[in-house]
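Colleague: build me a model from this:
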Amino acid sequence: MSSQDQLQERNERLRQILREAGLRCTAARLTVMQQLDQANQPQSHKELVDELSLAGFDRTTLYRNLIELEKANLLKRVELGDHVSRFELSSRHEEHAGGDSEVHHLCTHCGVVTCLPDVKLVFQTEDQKIPPSLGEVSEILVKGTCPQCKDH
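Modeller: Down below sits the predicted model:
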């Protein structure tokens, strides 16, 4: 399959996801979904504005669409304790169903967030039980420096 065919197939899949959620497939919604689908990590509103403003989308339109897509459960908001809301496709979380926790790494130097889908963190206590006060864990944040910043 050519890269053009793959792109068309991906775009049709995103259109179908929007329709199944009961949303019209507007240019802004589709573009936001495409951008997040291509991203390897959650994206902030500012990052999306920086990427998509040249395509004619303003800050307000992008923010409104992020909120609408989140309310339709197509996006998940990722809060990492740095007062920046980031968004990623909810479909990326299907692999985390069944009690597995999603792990993100936040570089404390440059602010880059990296998803760590292959990392599994296990809570272990002496009696092999998760403390009841912990409840259900759906997201884990690891802070440190990324490879690009480690030498700075």
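
Colleague: show me which helix runs longest in the protein.
Modeller: Secondary structure of the chain per DSSP state H: the longest helix is helix 3-20.

Colleague: who's the residue nearest the centre of the chain bridged to?
Modeller: By Cα atoms, centre = their mean, the chain has its centre lying nearest to E88, at 2.0 Å. Beta-bridge partners of E88, counted by DSSP bridges, are K76.

Colleague: all the strands of the chain, in order from the start?
Modeller: Secondary structure of the chain (DSSP state E): strands at 43-44, 75-79, 85-89, 102-107, 113-115, 139-144.

Colleague: want to throw those into TSV with mean pLDDT and distance to T60?
Modeller: From N, CA and C alone the C-beta is placed, and that goes for glycine too. Output for these, formatted as TSV (pLDDT from 0 to 100; distance: least, Cβ to Cβ, whole Å):
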stretch	mean pLDDT	distance to T60
strand 43-44	92	15
strand 75-79	88	17
strand 85-89	91	15
strand 102-107	80	27
strand 113-115	78	24
strand 139-144	78	28
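
Colleague: wait, which of the ones you listed is closest to L7?
Modeller: Of all those, strand 85-89 sits nearest to L7, with 16.4 Å by Cβ to Cβ.

Colleague: so how far is I17 from the residue nearest to the centre of the chain?
Modeller: Note on E88: its distance to I17, by Cβ to Cβ, to the nearest Å, is 14 Å.

Colleague: repeat that for P147.
Modeller: From P147 across to I17, the span is 33 Å (Cβ to Cβ).

Colleague: next: D82.
Modeller: For D82, the distance to I17 - Cβ to Cβ - is 29 Å.

Colleague: picking up where we left off before, could you measure from the residue nearest to the centre of the chain over to R24?
Modeller: Distance of E88 to R24, computed by Cβ to Cβ: 22 Å.

Colleague: cool, and R86?
Modeller: From R86 to R24 the distance is 25 Å (Cβ to Cβ).

Colleague: likewise M1?
Modeller: Counting by Cβ to Cβ - M1 and R24 are separated by 29 Å.

Colleague: how many neighbouring residues does the closest residue to P42 other than its chain neighbours have?
Modeller: In space, and not counting its chain neighbours, P42 is closest to R86: 3.5 Å by Cβ to Cβ, 6 or more residues apart in numbering. Neighbours of R86 under the rule other Cβ atoms under 10 Å: 24.
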